[in-house]
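>>> just need the structure, nothing else, for what follows:
(chains A and B)
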Amino acid sequence: DAGVTQSPTHLIKTRGQQVTLRCSPKSGHDTVSWYQQALGQGPQFIFQYYEEEERQRGNFPDRFSGHQFPNYSSELNVNALLLGDSALYLCASSLGQGAYNEQFFGPGTRLTVL
Amino acid sequence: GQSLEQPSEVTAVEGAIVQINCTYQTSGFYGLSWYQQHDGGAPTFLSYNALDGLEETGRFSSFLSRSDSYGYLLLQELQMKDSASYFCAAKSGTYKYIFGTGTRLKVLA
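Modelled structure (predicted):
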């Protein structure tokens, strides 16, 4: 049973560039949430995707956008990168839109913006 | 605003019992989850409380009091492998989780 996978593992970008992060949910899961975790902090909710639509968004600017594909995998795009975007980006999958409470997290993508 | 407060660090010895508290202030509160995260690892789900009371899962138990906006995670028979960061997370509305700042647990031999 495949767990949540994310790619790439690490990424280094410069200010102003754009980045795309990818996530494949746990087998059988249809809901994907994205989180940003700064060093020493808790994960912060970016947004959640279900049935290929963004269902809810956290307090993140429009530079952060996403997409969910018919196979439930998802992408997170960040435009015009800032130094403050350096963080661990976590993808979490779950079954059902809020009906189940256990989220399964992937290993994350470590983004460094120089 | 919406926030969850946890102690930043807790230290205990192997075999002991430790309690990690969490107070929350959120709108549209549905329930409280707890996650464990080892250094360099992904958060892993421990428990979820939707109703008041104690939920027990092996060595771990979680408690919720909605009237006090308070919960705690109780870890019994501590083991070295329990050294990790622990996060409470409030389910705010149907889809969104707000995480606390995390509590770093150090288990000493």
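
>>> from here on, just use CA atoms for contacts and neighbour counts.
Noted.

>>> quick check: residues of chain A near chain B?
Proximity of chain A to chain B, by Cα under 8 Å from any Cα of the partner chain, involves residues A:40-45, A:47-48, A:55-56, A:58, A:90, A:97-99, A:101-108.

>>> which stretches of chain B aren't confidently modelled?
Judged against pLDDT under 70, chain B has no low-scoring part.

>>> out of the residues of chain A next to chain B, which are buried?
A:42-45, A:47-48, A:55-56, A:90, A:97-98, A:101-108 (16 or more other Cα atoms under 10 Å in any protein chain shown).

>>> cross the residues you listed against strands and list the overlap.
A:44-45, A:47-48, A:55-56, A:90, A:104-105 (DSSP state E).

>>> list just the nearest of these to residue B:49.
Closest approach between those and residue B:49, by Cα to Cα: residue A:104, at 17.0 Å.

>>> okay but that closest one is in contact with residue B:45, surely?
Yes - between residue A:104 and residue B:45 a contact is recorded at 7.1 Å, counting by Cα atoms under 8 Å.

>>> for the helix or strand where residue B:105 lies, packing partners?
Element membership of residue B:105 [criterion: DSSP states H and E] is strand B:103-108. Packing partners of strand B:103-108 (3 or more Cα pairs under 8 Å, 6 or more residues apart in numbering or on different chains; DSSP states H and E): strand B:9-13, strand B:84-92.

>>> where does chain A have its least confident helix or strand?
In chain A, the helix or strand scored least confidently by mean pLDDT, DSSP states H and E is strand A:53-57, which has a mean of 91.

>>> neighbouring contacts of that strand?
Strand A:53-57 is contacted by residues A:45-49, A:66-68, B:95-96 when judged by Cα atoms under 8 Å, 6 or more residues apart in numbering or on different chains.
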